[in-house]
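Asks: Curious how this folds, go ahead:
(chains A and B)
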Protein chains: 2
Amino acid sequence: MAKKNEEFVAHIAKRADDFPQWYTDLVLKTDMADYSDVKGCMVIKPYGYGVWELIQSEMDRRFKETGHKNAYFPLLIPESLLMKEAEHVEGFAPEVAWVTHGGKEELTERLAIRPTSETIFGSMYSKWIQSYRDLPMLLNQWCNVMRWEKSTRPFLRTSEFLWQEGHTVHATAEEAEEETVKMLNVYREFSENVLAIPVIVGQKSEKEKFAGAKHTYTMEAMMQDGKALQMGTSHNLGQNFAKSYDITFLDKDGVLKYGYTTSWGTSTRMIGGLIMVHGDDRGLVLPPKVAPVQVMILPIAQHKEGVLEKANEIFAELKTAGLRVELDDRENQSAGWKFNECEMKGIPVRLEIGPKDIEKGTVVLVRRDTFEKTFVPMESLATTVSQLLEDIHISLFEQAKQRRDERITSATDFETFKQGVQSGFVKAMWCGDSECEAEIKQKTGATSRCMPFDDEQEHLSDCCVHCGKPAYKMMYFAKAY
Amino acid sequence: MAKKNEEFVAHIAKRADDFPQWYTDLVLKTDMADYSDVKGCMVIKPYGYGVWELIQSEMDRRFKETGHKNAYFPLLIPESLLMKEAEHVEGFAPEVAWVTHGGKEELTERLAIRPTSETIFGSMYSKWIQSYRDLPMLLNQWCNVMRWEKSTRPFLRTSEFLWQEGHTVHATAEEAEEETVKMLNVYREFSENVLAIPVIVGQKSEKEKFAGAKHTYTMEAMMQDGKALQMGTSHNLGQNFAKSYDITFLDKDGVLKYGYTTSWGTSTRMIGGLIMVHGDDRGLVLPPKVAPVQVMILPIAQHKEGVLEKANEIFAELKTAGLRVELDDRENQSAGWKFNECEMKGIPVRLEIGPKDIEKGTVVLVRRDTFEKTFVPMESLATTVSQLLEDIHISLFEQAKQRRDERITSATDFETFKQGVQSGFVKAMWCGDSECEAEIKQKTGATSRCMPFDDEQEHLSDCCVHCGKPAYKMMYFAKAY
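Replies: Below is the predicted model:
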């Protein structure tokens, strides 16, 4: 491991020179993930998986607090079952991996590896739900899914990825809509307060909505190259799936009715997002709440009397306080090398302790985000470090928000629009027509990202920025991952 | 839900009449799992998944404490990669599900859905490991695997199941053996201290060992029908996989050497085990440490003044103390109906509180395992309940151990042996020959379960119980799931 790190410290591309290469360098060279023998599938290495475990733990708590329970549904979906909802099939069939043989026998019916699980949840819900007393049904699952992708990039787009998918059933359209919005808000709050990533939320166009949904809400983040990343979506499925999968219930009034369903998901893609939002030319910058190691203790001149002892004391103190802390006491690496590694890996706080510090009763704290170095007393160190981690979180969020807002422009004419989407998000009035949207994409490479909710809508002009027809709503457009 | 429960309370088969039916009734009617639309695949429902989450959390902590980290490897394995270790292929090929198409295109090489992941870990380890400094490599993953099974039963044997698989690489044979034994001991300690299931540990025969292993250790539990359930295995893979997948490292002495690998796994099968070890004719009996609900509070005459208020107070107190507690204040169900449901669901402690209890300053605690009812003061209730849960755990373990030990017999002649395996485990001397073992299975339906370690070996006679040749070791035999 040592040898590999020494090599790669020198080999990260600069963001300004080659953003995609910078991203790949970070992912591979900080041991977040690696390519596998299976085309389009990655291995999530322990450091990357550590981030995912923290994401899972934070999200799972929020799902449970909002009344959801976890379950596990089968990986494989019979072709006939997948085919029941017409729009859904059309959307997903081109990217499904098919199982055709079990052992030496050919199957009588092909089985799809789940690209998403509305169909199999639907079929079970049909069996489980009889009465209004069974509603709402609020389930979630953490699992792997597969979408056969032609061009892939670790975390951002891989044939297999890990995610959570919530699937709920409600008695009324209003409750389903309320759930859809509630989970979007859970996602937004999580993105801001845990990942330190500001997001724009709103509704997808008809063209960009989930295959089979009535409508889809999304949260969109801006990467440092000005491109959008869809970080999570929440779908109001209306009665589409309830009708295709026969999810009915006997209501209080004695009438048999179709349920209203929703689904919502976020994935390991968010890890790609936090790399591209916070990272810099020296490596990863991990937001403290999902950093597998929040504090790295580096003893300076550790062979000198008392240094390692003090370092271990501090380690114990921070660990007891619930911080994720490690102590790097390897003797075969120089301090400078260890500094580099901490930076590359994006560890939020580096804590240095040497003979002089011990004399003075202080330690050195170095922030990864700003490289700011402070000397702090050893007393109440856990409190000091916790506060610093909180400051780093806030600062990361503010920085990301500022960078994003600087790259959001408005356009009322198509020339300005074209210019704007080269480097960021563009707010523009749009006619609501799918063909117009397709032309915009063809001409500029930008896609519609979302229409903000009413309280964030702005009336920029009366006409569509592209076709000039009467405007329907203000839409964010951007190039996207 | 209410309606369904009312029906099923009356419909659990008795263990003595039809043990397999009793098991299926428990799984389906307590909402642990359900059959799905995919042959051989189950849906793990929230109550069953809640048990799995607690199992995961307890095990994961133990893995991390012993130095392991989690990662995630791909679901799909190219056929050529799977084929590299000859014995491994032979063992697993007959039960592999094959992906042959991605979208509309036929793949140039078939992809196996992982039946286990030694092959893909091996291929990555070959890439990641260069030097002795990279060792030991200690990874684990939580995931789904698939083995195409002809006859399936929820939790016990399904085509898809959830599990954890540890995969490690070591510099020496000794370290690999140490790891193999260490993880077996982690499993045993977990089974006893968390699941309250006593296990017999030892080594598998050549015939029963993992395909490709040097040797396999196992922990075997006895179900209430006297059959064995393999609850977890730990494999010393020697250099077999290292050679097939080219896992080499430059040792301290400058020589390039093959590593020594291990793997070890446990699965959702353990849930089947805890049902069959602890359940009774009234339903599930969940061991407190993996019970999603440890305490159910049932307010009696809840319309009377102060009852619900007090019940809520107690709920808050127990919850704050870290207990998994629920309060059943549904008005449309009778107390008797709620009692039945608590019993069916195997909730360890039922807490009743009514107007008379409030007057006396006491509550009623009812143990699920013994149905023992005690009146306890409201003061320090959390401590009282925690202690009761601990008592229940110990009692469940002791009960299970006693039932098991009563059904373990020794045999030095084949007639006694045949009788013994009808109702339990039989200890017998065995020649060590695979053909003899196969004949025993053919004649009695019993398989070799494990050879205890030396300190538990007994010298029952000089000859194999079946063929009369010189004995190799004492072996446990039993019919098995």
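
Asks: what about residue A:19, how many residues close to it?
Replies: The number of residues packed near residue A:19 is 17, by other CB atoms under 10 Å in any protein chain shown. C-beta here means a position set from N, CA and C on the backbone, and glycine is covered the same way.

Asks: For residue A:415, the count of nearby residues, please.
Replies: That count, for residue A:415 with other CB under 10 Å as the rule, works out to 8.

Asks: scratch that, residue A:11
Replies: Under the neighbour criterion other CB under 10 Å, residue A:11 is assigned a count of 10.

Asks: Name all residues that make contact with the closest residue to chain B within the stretch 151-300 of chain A.
Replies: Relative to chain B, the nearest point of the stretch 151-300 of chain A is residue A:160 (5.4 Å; CB to the nearest CB). By CB atoms under 8 Å, 6 or more residues apart in numbering or on different chains, the residues touching residue A:160 are A:40-42, A:144-146, B:74-76.

Asks: And it, how close does it get to residue B:71?
Replies: As judged by CB to CB, to the nearest Å, residue A:160 and residue B:71 stand 14 Å apart.

Asks: Same question for residue A:246.
Replies: 41 Å.

Asks: With residue A:450 instead?
Replies: 34 Å.

Asks: and the longest helix seen in chain A, what other elements does it pack with?
Replies: Ranked by residue count under DSSP state H, the longest helix found in chain A is helix A:381-406. Using 3 or more CB pairs under 8 Å, 6 or more residues apart in numbering or on different chains; DSSP states H and E, the elements in contact with helix A:381-406 are strand A:215-222, helix A:269-278, helix A:307-320, strand A:349-353, strand A:362-367.

Asks: Give me the neighbour count for the residue of the stretch 301-450 of chain A found nearest chain B.
Replies: As assessed by CB to the nearest CB, chain B sits closest to residue A:332 within the stretch 301-450 of chain A, at 8.4 Å. When counting by other CB under 10 Å, one arrives at 7 neighbours for residue A:332.

Asks: so it is in which element?
Replies: Under DSSP states H and E, no helix or strand contains residue A:332.

Asks: Same check on residue A:53?
Replies: Using DSSP H and E, the element containing residue A:53 is helix A:46-65.

Asks: With residue A:302 instead?
Replies: With DSSP H and E as the criterion, the answer for residue A:302 is that it lies in no helix or strand.

Asks: got a list of what it touches?
Replies: A:308, A:311, A:329, A:331 are the contacts of residue A:302 under CB under 8 Å, 6+ apart.

Asks: so can I have CSV of those showing distance to residue A:261 and neighbour count?
Replies: Shown next, in CSV, are the contacts of residue A:302 (distance: CB to CB, whole Å; neighbours: other CB atoms under 10 Å in any protein chain shown):
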residue, distance to residue A:261, neighbour count
A:308, 59, 15
A:311, 55, 24
A:329, 54, 16
A:331, 59, 6
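
Asks: Identify the farthest-apart pair in those.
Replies: Using CB to CB, the contacts of residue A:302 span at most 13.1 Å, a distance reached by A:311 and A:331.

Asks: so where do the strands sit in the stretch 151-300 of chain A?
Replies: A:160-170, A:200-203, A:215-222, A:228-236, A:248-250, A:256-258, A:260-267, A:295-299 (DSSP state E, counting those that start in this stretch).

Asks: Same list, those strands, but as a markdown table with mean pLDDT please.
Replies: Output for those, formatted as a markdown table (pLDDT from 0 to 100):
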| stretch | mean pLDDT |
| --- | --- |
| strand A:160-170 | 98 |
| strand A:200-203 | 98 |
| strand A:215-222 | 98 |
| strand A:228-236 | 98 |
| strand A:248-250 | 98 |
| strand A:256-258 | 98 |
| strand A:260-267 | 98 |
| strand A:295-299 | 97 |
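
Asks: Please tell me how far residue A:17 sits from residue A:25.
Replies: For residue A:17 relative to residue A:25 (CB to CB), the value is 11 Å.

Asks: go on, residue A:16?
Replies: 14 Å.

Asks: more crowded one of the two?
Replies: residue A:25 (19 against 10).

Asks: That one and residue A:11 touch, don't they?
Replies: Yes. Judged on CB atoms under 8 Å, residue A:25 makes contact with residue A:11 at a distance of 6.6 Å.

Asks: show me the contacts for the residue lying closest to residue A:452 once chain neighbours are set aside.
Replies: Setting aside the residues directly before and after it, residue A:452 is nearest to residue A:202 in space (CB to CB, 6 or more residues apart in numbering or on different chains), at 4.3 Å. For residue A:202, the contact set (CB under 8 Å, 6+ apart) comprises A:217-218, A:220, A:449-453, A:456, A:476.

Asks: if we go to 6 Å?
Replies: Residues in contact with residue A:202 (CB atoms under 6 Å, 6 or more residues apart in numbering or on different chains) are A:450-453.

Asks: Including distance to residue A:184, secondary structure and pLDDT, could these go into a markdown table?
Replies: Output for those, formatted as a markdown table (distance: CB to CB, whole Å; DSSP: H, G, I helix; E, B strand; the rest coil; pLDDT from 0 to 100):
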| residue | distance to residue A:184 | secondary structure | pLDDT |
| --- | --- | --- | --- |
| A:450 | 10 | strand | 98 |
| A:451 | 13 | strand | 98 |
| A:452 | 12 | coil | 98 |
| A:453 | 10 | coil | 97 |
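
Asks: among the residues you listed, who's most crowded?
Replies: Result: residue A:450 is most packed of those (other CB under 10 Å), 27 neighbours.

Asks: Surely that one and residue A:219 touch.
Replies: No. Look at residue A:450 against residue A:219 with CB atoms under 6 Å: they stay out of range, at 8.2 Å.

Asks: I figured residue A:295 hits residue A:348, correct?
Replies: No. Taking contacts as CB under 6 Å, residue A:295 lies outside contact range of residue A:348: 7.3 Å.

Asks: how about residue A:119, secondary structure?
Replies: Classification of residue A:119 using DSSP: H, G, I helix; E, B strand; the rest coil returns helix.

Asks: any idea of the pLDDT on the closest residue to chain B within the stretch 351-481 of chain A?
Replies: Per CB to the nearest CB, residue A:481 is where the stretch 351-481 of chain A lies closest to chain B, at 20.8 Å. Listed pLDDT for residue A:481 reads 96.

Asks: Likewise for residue A:9?
Replies: 53.

Asks: repeat for the one 10 residues further on
Replies: Listed pLDDT for residue A:19 reads 97.

Asks: Contacts only, for it.
Replies: Per CB under 6 Å, 6+ apart, neighbours of residue A:19: residue A:225.

Asks: Get me the contact residues on the stretch 51-200 of chain A for chain B.
Replies: A:69-76, A:78, A:81, A:94-95, A:97-103, A:123-124, A:134, A:144, A:148, A:160 (CB under 6 Å from any CB of the partner chain).

Asks: rerun at 7 Å
Replies: A:53, A:69-76, A:78, A:81, A:94-104, A:111, A:113, A:120, A:123-124, A:131, A:133-134, A:139, A:144, A:146, A:148, A:160, A:162 (CB under 7 Å from any CB of the partner chain).

Asks: neighbours around the residue nearest to residue A:56 when sequence neighbours are not counted, how many?
Replies: Closest residue to residue A:56 apart from its sequence neighbours, by CB to CB, 6+ apart: residue A:142 at 6.4 Å. Using other CB under 10 Å, residue A:142 has 19 neighbouring residues.

Asks: hey, what's residue A:142 bridged with?
Replies: residue A:164 (DSSP bridges).
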